[in-house]
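# Predicted structure and sequence below. I'll ask about it afterward.
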Amino acid sequence: MNLEDILVDTLSITSEKAKTILKSRSTKKIVHKDLLILVFKREMLGYPEGTSIIHDTSTSVSRVIPGYPPIPRLLILEKIRDIFKEEVVVEEKINGYNVRVAAIGEKIVSLTRGGNICPYTHYKIFKLYGEKLRKLFQDYPDLILCGEAIGMDNPYVRYEGYRNVSFDYIVFDMMQERKFLSIKKRDSIATEYGLKIPKSYGFHKPEEFRRIIDLSVQLEEKGIEGFVIKSMDNEVRVKYTMTSTNIGDIREGMRFFFEEGRTYIFPRVLREIFRQYELMKNGYNFGEEVYVKLGKALLEPPIETVAKTEKGEISDEDFTLVLDDLRILDEFLQYMEKQKIPIHVIGIYPTSGGEYRISCLKIRRTPLRIKSILDTGISPED
């Protein structure tokens, strides 16, 4: 069965439409072991970016796994009274990287937001929850778990709030086809099969937005990254982040300012502008403290990177993996090479628990740009 036939069958479209999709630069083809995957790099046919059409060549089973649609970002909490009509639940926003888990026949796959199968991520999720996932998909074969991989030992996102977590997987939503399960149904399934879900901060009426503003200040003091506000049927969702997260992201991004500069920094500054404005309107005044923290976040990390680069010290991104099977490391390195992301393994260290701690470097472009400026004194920007 070729890709054209698979698209016709799984998406219920014509052969001509399938041919057009296959020629599009907005799709990418991936081969992962027995799986043939076509990923939508943007919204197509009503499916979100990251949608994956997966065909198992060993069993001829095919399935569409919809991408996880972006959640609108709320800047003004007062506006929840206009967005929601009935009671909402406020849940902790998990700071990690998005992973969907689903069954393709008898196989279970873990897909990143971009529709890729990261060998490390899949191995770690399956090691933690493999038996529970098998039971779940036996009973709910069409279910799609939407969650966040978290912890300090991963190649992508490391958040200090989880500094005591090596790796874990938190399920924040569940889908059947393209429909989200209600909050009550998600919670019921997660409890039955032993899966973790985000912490709830209670149920609120939309007109009680002032309580949620106060809640945001209380959670900020506890180091919570942010929250997601959802209708009980889970049809409407918005996300909101705290000052510590906005500024923390800027601080982290400015370490590699030539790669995560304008497009990464400005949205986070925008979030903080409206957070501080709304807090001031409601009797809170953190202005001076926030101004100093923002200024330091913008300047301290890049200056440190410049200093390290001039001294010849390593200023690439370092991270740690933890594995008990080094074959997975080989698969991961091959996967990253295909993504055109160079990774250097610095050291492999056995632990007393029979695992290996693997120190890695992700090579960044920023130090090269810095070296050029230090050599010539000329800015590459106007």
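Ah, there it is. All figures in this text were calculated on a predicted structure; none of them were measured in a lab.
# K308 and D316 touch, don't they?
No - no contact is recorded between K308 and D316 when judged using CB atoms under 8 Å, the distance being 9.9 Å. Yep, even glycine has a C-beta here, placed from its N, CA and C like the rest.
# name the helices or strands packed onto the helix or strand E278 falls within?
Secondary structure from DSSP states H and E places E278 in helix 262-281. Contact partners of helix 262-281 among helices and strands, from 3 or more CB pairs under 8 Å, 6 or more residues apart in numbering; DSSP states H and E: helix 209-221, helix 243-253, helix 287-311.
# tell me which residues of stretch 291-309 are tucked away?
Neighbour-count burial for stretch 291-309, with 16 or more other CB atoms under 10 Å as criterion, is recorded at 293-294, 297-298, 301-302, 305-306, 308-309.
# with those in mind, which one is nearest to E220?
Nearest to E220, judged by CB to CB, of the buried residues of stretch 291-309 is K293 at 12.4 Å.
# Below-threshold pLDDT in the protein: ranges please.
Counting by pLDDT under 70, not a single residue of the chain qualifies.
# thinking again about what came up before, CSV please, covering the helices and strands packed on helix 262-281 and showing distance to G96.
Formatted as CSV, the helices and strands packed on helix 262-281 follow (distance: least, CB to CB, whole Å):
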stretch, distance to G96
helix 209-221, 18
helix 243-253, 13
helix 287-311, 21
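# Ok, which of these comes nearest V228?
By CB to CB (comparing all of the helices and strands packed on helix 262-281), the closest turns out to be helix 209-221, at 11.9 Å.
# so what secondary structure elements neighbour the closest one?
Under the contact criterion of 3+ CB pairs under 8 Å, 6+ apart, the helices and strands touching helix 209-221 comprise helix 80-83, strand 200-204, strand 226-231, helix 262-281.
# Among the helices and strands packed on helix 262-281, which comes closest to Y68?
Going through the helices and strands packed on helix 262-281 one by one, with CB to CB as the measure, helix 243-253 comes closest at 19.7 Å.
# helices or strands up against the closest one?
Counting by 3+ CB pairs under 8 Å, 6+ apart, the packing neighbours recorded for helix 243-253 are helix 262-281, helix 287-311.
# follow-up on the earlier one: relative to L75, which of the helices and strands packed on helix 262-281 is closest?
Nearest of the helices and strands packed on helix 262-281 to L75, taken as CB to CB: helix 243-253 at 10.9 Å.
# Would you mind listing the buried residues in that closest one?
Of the residues in helix 243-253, those with enough neighbours to count as buried (16+ other CB under 10 Å) are 243-253.
# And for stretch 169-186?
Within stretch 169-186, judged by 16+ other CB under 10 Å, the buried ones are 169-175, 180-183, 186.
# Looking at those residues, which two lie furthest apart in space?
Farthest apart among the buried residues of stretch 169-186 by CB to CB are Y169 and S182. That separation is 21.3 Å.
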